[in-house]
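*Asks:* Turn this into a structure:
(one chain, ligands or ions: 2)
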Amino acid sequence: MDDKIDISVVVPVYNEAPNLNALYQRIVATLDKLNRSFEIIAVDDGSTDGSLDFLRALQQRDPRLRVVRLARNFGQTPALYAGFAHVRGRMVVQLDADLQNPPEEMVKLIEKLEEGYDVVQGWREDRRDTLARRLPSRMLNRAISLLMGAKIRDLGCGLKAFRRDVVERMSGFTHHARYLPAEMLWLGVRMAEVKVEHRERAGGESKYGLFSLLRLNFDIISSISTAPIKIIGLVGGLLSLVGFFMGILIFVRRIIDVNYDPLAGSIASVTALFFILAGVQMIATGIMCEYIGRIFVEVQNKPYYIVKEVIEESPTSSGNLP
Ligand code: UDP
Ligand code: MG
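*Replies:* Ligands and ions are numbered 1, 2, ... in the order given. The predicted structure follows:
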């Protein structure tokens, strides 16, 4: 039964009621034209705006739709993973619910994937988001490219296509701090990028503000790398070096310059040094605590998400596909 489905489309949904009807119509129209068998897996990530009721009603009419309902809002990545755990298709397409990535663009990714890639990543060349939304993304792209040694233009693009085995491998991970693009790079996949259209959000609003994005960026970087700890160590080392040379300088000047007022010079330099060192100490402690906090979350070993309900065609009525 598994091999009968060509394409599984996974859509994380968090308060996207105004967009769901158009989203559904356009996915179906696109894939019908492709003449492939498909299923749509909508993951309701604790929506409170009626998204779930709409999906439930839709599922009654179209058994190709399956709805995975999470117990509360877990976040976009856990929602995606919950969807991945339910896919049956040979290929898996990830799509945002807000129509920023036109569903019609899925075709380009599917065709590219069939050329023999493991992953095809959408690339929003002309991205229609605010600067506050784009800037943190650009920082993250740069940081990840640097850390993972891979040049990828738009890792955050919510339009991606995977071969089923890539999704299965990623689903097998058990750690909590996950960022899907980093996980897939870590697997060592053969990856292609495809230019895709990007639009303004059709309805509703972005779930990410500037502050939450900066926070997310730090979470992502510290979850894939210990670079922040190393950088702090480096800064600490450099500062002690500066302090050491300052000490030598003051010492030498005291010997050479007889009119030097030792008090004024010392108070100024000691105050400056105090602030710098206290700041570095605090940052260092903060970063260490972040990592300790992460270890704390991992040792608790809680599930990454909780599925409350899977709304799908009951086995007794199977075979009635429209
Ligand atoms: N999303 C989700 N859970 C969340 C936040 C977002 O499932 O906690 C979904 C959201 O419904 C959308 C996708 O993830 O389908 C991308 O979210 P959004 O459009 O807000 O992000 P942006 O386009 O600003 O990156
Ligand atoms: Mg969006």
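*Asks:* need the strands for the stretch 51-200 of the chain, in chain order.
*Replies:* 65-70, 91-94, 119-124, 160-163, 191-196 (DSSP state E, counting those that start in this stretch).
*Asks:* and the helix or strand where V280 lies, what does it pack onto?
*Replies:* Assigned by DSSP states H and E, V280 belongs to helix 262-300. Applying 3 or more C-beta pairs under 8 Å, 6 or more residues apart in numbering; DSSP states H and E, one finds that helix 262-300 contacts helix 210-224, helix 227-256. Heads up, the C-betas are built off the backbone N, CA and C, glycines and all.
*Asks:* Columns mean pLDDT and mean neighbour count on top of those helices, output as TSV?
*Replies:* Listed next are the helices and strands packed on helix 262-300 as TSV, based on pLDDT from 0 to 100; neighbours: other C-beta atoms under 10 Å:
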stretch	mean pLDDT	mean neighbour count
helix 210-224	89	16
helix 227-256	84	12
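*Asks:* could those go into JSON lines alongside distance to M139?
*Replies:* Formatted as JSON lines, these follow (distance: least, C-beta to C-beta, whole Å):
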{"stretch": "helix 210-224", "distance to M139": "6"}
{"stretch": "helix 227-256", "distance to M139": "14"}
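*Asks:* Looking at these, spot the one closest to ligand 2.
*Replies:* With C-beta to the ion as the measure, helix 210-224 is the member of the helices and strands packed on helix 262-300 nearest ligand 2 (12.4 Å).
*Asks:* Do any residues in that closest one lie close to ligand 2?
*Replies:* No. Contact of helix 210-224 with ligand 2 (C-beta under 5 Å from the ion) is absent, the minimum separation being 12.4 Å.
*Asks:* Let me know the angle separating that helix from helix 227-256.
*Replies:* Computed by axes from the mean of the first three to the mean of the last three C-alpha atoms, to 10 degrees, the angle separating helix 210-224 from helix 227-256 equals 90 degrees.
*Asks:* mind listing what F251 touches?
*Replies:* Taking C-beta atoms under 8 Å, 6 or more residues apart in numbering, we find F251 in contact with no residue.
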